[in-house]
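[1] This is a predicted model, with the sequence first.
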Amino acid sequence: MTTHRRLAGLPSELKKIVGKAQVIQEGEFFEEHRKDMADYEGTPAVVVRPQSEEQVSAIVQLANRREVPILAWGAGSSLTGAVVRDGAIVVDMRRFDRILKIDPVNWYVDVQPGVVLDDLGNALKAQGFFFPPDPASSFLCTVGGAIATGAGGMRCVRYGTMKDWVLALRVVLPNGEVTSLGEPLPKNRAGYDLVRLFVGSEGTLGIITQATLKILPLPGVRIRRMLVQFADWPTAGEAIKGLRKARVVPDLLEFLDRETIAAVNRSFDFHVEEAEATLLVDLEEPSIPAATEVFRVHHALGIRPAADEAEADRLYQVRARAYLALKERASGIQIEDVVVPIDRLAEYLRFVKEVAARHHVQIPVVGHAGDGNVHPAILYDKADAKSREAATAAFEEICRYAIRVGGSVTGEHGVGSQKVALFRAQLEAHGGGESLRLMKEIKRVFDPKGIMNPGKYVDAA
Ligand SMILES: Cc1cc2nc3c(=O)[nH]c(=O)nc-3n(C[C@H](O)[C@H](O)[C@H](O)COP(=O)(O)OP(=O)(O)OC[C@H]3O[C@@H](n4cnc5c(N)ncnc54)[C@H](O)[C@@H]3O)c2cc1C
């Protein structure tokens, strides 16, 4: 079938499913769906806003019959091109915005995928609970998007990423069938773990219409937030190694360099001190003396606890807004997301400095240092071919370095269309070439016609 025939009359059929007002082909709302937050682009055939599982199923069946690419949209905050594609039916899931049940005995929450993570966090807090994974985009990103990207975040240093917190899902498969995966139980050994397969599948296996997430009671101990400053990046990396050796488990351990803090101060009118290397650290009170000793041994220039809760919150916002502030500093930005083994962190930070100097590009660094997942943000001038080339070369070098030292090319943002070749290179370098063949087979089993967010990730590798 030609593309023209596949798309002919599609909007009117969609309107029969969701109503006229929910099928969008132009205007501001449509334009919003042409770019993710790293400016990867793709123009949808049509954007559609369903509100029920039946509607999602009918839309997917239609896409399947006509063999039109289809993909789900959460908040479009992803950074790898995973959420954009030319000519696709883009299913905006933000009308799935209800928290269905908070279970205070079994410690889970049933939630729709369009709920913003911070809204979920606030609802849970009111009942004495929390959901640990907290990407820095939690003020805008959705539950569905966070599950599909397998998002990490700041508290992951203690609690792990999304893949550790999803108990069950309801999904619409690429043929339009609806199924449940998993159980709302702390233990469940019945069958292959298809829930985990869906977490981090980047919308390529189906559309999530409901999720059951594990929750925890708010911590009983007092947690203090502090800023710890160092004279240079590698020393901060060594201090993190020191914390590990001292068996200190922080609740949050983020790295920010001078340029990042300066950018946030400028963009959001914060006034945080600008040191060469800063760690933002959350510690449970009993572990503060051991951590302080580690910072002292590593010649911390200053250790400053937040004065009160309002300041603690401001410091968190400085970290959460870092990417948006850095994005304003140049016309182009490549945000990196490699993970290195934590004992290589200091060396890695030194390497990033060398790469920046070699390619004459600015690379501010910010991110989840406690996980070895620090994000170099490669800034470049979009209009200048040389600058673009330098940024790409720096990006490649950093990813290849991660592969060389036994790390991963992505800790949380995912592969999308950004890292397809590097993803393959990682698997091959680490003896996982055959696993890629299996992943491709799995994709074919779920989606034999290849309609669900095609042409990226496993498909393209
Ligand atoms: C300022 C900023 C900070 C960030 N910080 C972090 C961070 O700390 N950690 C981190 O991991 N990421 C971070 N990110 C990246 C991004 O925000 C996360 O990956 C986020 O989880 C994406 O959620 P979203 O709702 O915007 O998803 P989208 O961008 O809309 O979609 C992402 C992927 O999920 C799929 N998808 C969305 N909804 C569904 C659904 N219902 N069913 C099936 N598939 C679906 C899409 O098709 C796409 O492949 C950051 C981004 C920004 C802009």
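    Ah, there it is. Numbers count the residues shown, from 1 in each chain.
[2] Now the stretch 251-400 of the chain against the ligand: closest residue?
    Per CB to the nearest ligand atom, residue 323 is where the stretch 251-400 of the chain lies closest to the ligand, at 3.9 Å. Every residue, glycine included, has its C-beta placed from N, CA and C.
[3] tell me the contacts of that residue?
    Residue 323 makes contact with 37, 136-137, 335, 366, 375, 377 under the criterion CB atoms under 8 Å, 6 or more residues apart in numbering.
[4] go with 10 Å
    Taking CB atoms under 10 Å, 6 or more residues apart in numbering, we find residue 323 in contact with 37-38, 77, 79, 136-137, 260, 263-264, 333, 335, 366-367, 375, 377.
[5] touching the ligand at all, stretch 254-264?
    No. On the criterion CB under 6 Å from any ligand atom, stretch 254-264 is out of touch with the ligand, staying 9.3 Å away.
[6] Report the closest residue of the stretch 301-450 of the chain relative to the ligand.
    residue 412 (3.2 Å).
[7] now that residue, what's its secondary structure?
    Under DSSP: H, G, I helix; E, B strand; the rest coil, the three-state class of residue 412 is coil.
[8] so what's it up against?
    79, 133, 135-136, 146, 149-153, 156, 161-162, 200, 337, 339, 367-368, 371, 373, 375.
[9] With residue 284 instead?
    158, 219-224, 248-251, 291.
[10] number of nearby residues for the closest residue to residue 247 other than its chain neighbours?
    Of all residues not flanking residue 247 in the chain, residue 290 sits nearest, at 8.0 Å (CB to CB, 6 or more residues apart in numbering). Using other CB atoms under 10 Å, residue 290 is surrounded by 14 other residues.
[11] Just the buried positions in the helix or strand hosting residue 290, please.
    Per DSSP states H and E: residue 290 is located in helix 288-297. Residues 288, 291-292, 294-295 are the ones in helix 288-297 that count as buried (16 or more other CB atoms under 10 Å).
[12] again with stretch 383-390
    Neighbour count says stretch 383-390 has 387, 390 buried, by 16+ other CB under 10 Å.
[13] how far out from the middle of the chain is it?
    Computed by CA atoms, centre = their mean, to the nearest Å, the chain-centroid distance of stretch 383-390 equals 27 Å.
[14] For that stretch, what does the pLDDT average out to?
    When pLDDT is averaged over stretch 383-390, the result is 96.
[15] Number the residues from 8 up from this point.
    Got it, first residue is 8 now, which makes that one stretch 390-397.
[16] looking at it, residue 168 is touching residue 417, isn't it?
    No. Using CB atoms under 10 Å, residue 168 makes no contact with residue 417, being 11.6 Å away.
[17] what is the nearest residue in space to residue 259 that is not next to it in sequence paired to in the beta sheet?
    Using CB to CB, 6+ apart and skipping the chain neighbours, the partner closest in space to residue 259 is residue 289 (3.7 Å). Per DSSP bridges, residues listed as beta-bridge partners of residue 289: residue 232, residue 259.
[18] circling back: so what touches the next helix or strand after the helix holding residue 297?
    The C-terminal neighbour of helix 295-304 among helices and strands, as given by DSSP H and E, is strand 309-312. Residues outside strand 309-312 that contact it (CB under 10 Å, 6+ apart) are 231-237, 279-280, 282, 285-286, 288, 290, 295, 298-299, 302-303, 318-319, 322.
[19] pLDDT of strand 309-312, averaged?
    96.
[20] Do a quick rundown of the helices in the stretch 258-407 of the chain.
    Assigned by DSSP state H, counting those that start in this stretch, the helices in the stretch 258-407 of the chain fall at 265-275, 295-304, 316-327, 329-334, 352-366, 392-411.
[21] if you compare those helices, which one is most tucked away?
    Burial among the helices of the stretch 258-407 of the chain, expressed as mean neighbours by mean count of other CB atoms under 10 Å, is greatest for helix 329-334, which shows a mean of 22.
[22] Can you name the residues that contact residue 201?
    176, 178, 186-189, 212, 449, 453.
[23] Quick check: phi and psi at the nearest residue to residue 403 once chain neighbours are set aside.
    Distance criterion CB to CB, 6+ apart; nearest residue to residue 403, sequence neighbours excluded, is residue 429 at 7.7 Å. The phi/psi pair for residue 429 (degrees, to the nearest 10) reads phi -70, psi -40.
[24] for residue 25, same thing?
    The phi/psi pair for residue 25 (degrees, to the nearest 10) is phi -120, psi -10.
[25] Can you report how many residues neighbour it?
    With neighbours defined by other CB under 10 Å, the count for residue 25 comes to 20.
[26] so it sits right up against residue 19, yeah?
    No. With contact defined as CB under 10 Å, residue 25 does not reach residue 19; the gap is 11.7 Å.
[27] burial of the residue in the stretch 108-257 of the chain that the ligand sits nearest to, as a residue count?
    In the stretch 108-257 of the chain, the residue that lies nearest the ligand is residue 152 (2.1 Å; CB to the nearest ligand atom). By other CB under 10 Å, the residues close to residue 152 number 29.
[28] residues in the stretch 8-157 of the chain within reach of the ligand, list them.
    Residues of the stretch 8-157 of the chain lying near the ligand (CB under 6 Å from any ligand atom): 43-44, 78-86, 89-90, 100, 120, 142-144, 148-149, 151-153, 155-156.
[29] Can you tell me which of those are buried?
    Buried by 16+ other CB under 10 Å: 43-44, 78-86, 89-90, 100, 120, 142-144, 148-149, 151-153, 155-156, out of those.
[30] Go through the helix-or-strand element of the chain with minimal mean pLDDT and flag the buried ones.
    In the chain, no helix or strand scores lower on mean pLDDT, DSSP states H and E than helix 10-14, which sits at a mean of 81. Buried residues in helix 10-14, defined by neighbour count with 16+ other CB under 10 Å: 13-14.
[31] tell me what it is packed against?
    When contacts are defined as 3 or more CB pairs under 10 Å, 6 or more residues apart in numbering; DSSP states H and E, helix 10-14 sits against helix 60-73.
[32] Output the helix it packs on as CSV, nothing but the C-alphas.
    Output in CSV follows, covering the C-alpha atoms of helix 60-73 (Å, rounded to 0.1, in the frame of the first residue of the first chain):
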residue,chain,number,x,y,z
GLU,A,60,-8.4,1.9,26.9
GLU,A,61,-11.1,1.0,24.3
GLN,A,62,-10.3,4.1,22.3
VAL,A,63,-6.5,3.3,22.4
SER,A,64,-7.2,-0.2,21.3
ALA,A,65,-9.4,0.9,18.4
ILE,A,66,-6.8,3.5,17.3
VAL,A,67,-4.0,0.8,17.4
GLN,A,68,-6.3,-1.6,15.4
LEU,A,69,-6.8,1.1,12.8
ALA,A,70,-3.0,1.7,12.6
ASN,A,71,-2.4,-2.0,12.3
ARG,A,72,-5.0,-2.5,9.5
ARG,A,73,-3.5,0.4,7.5
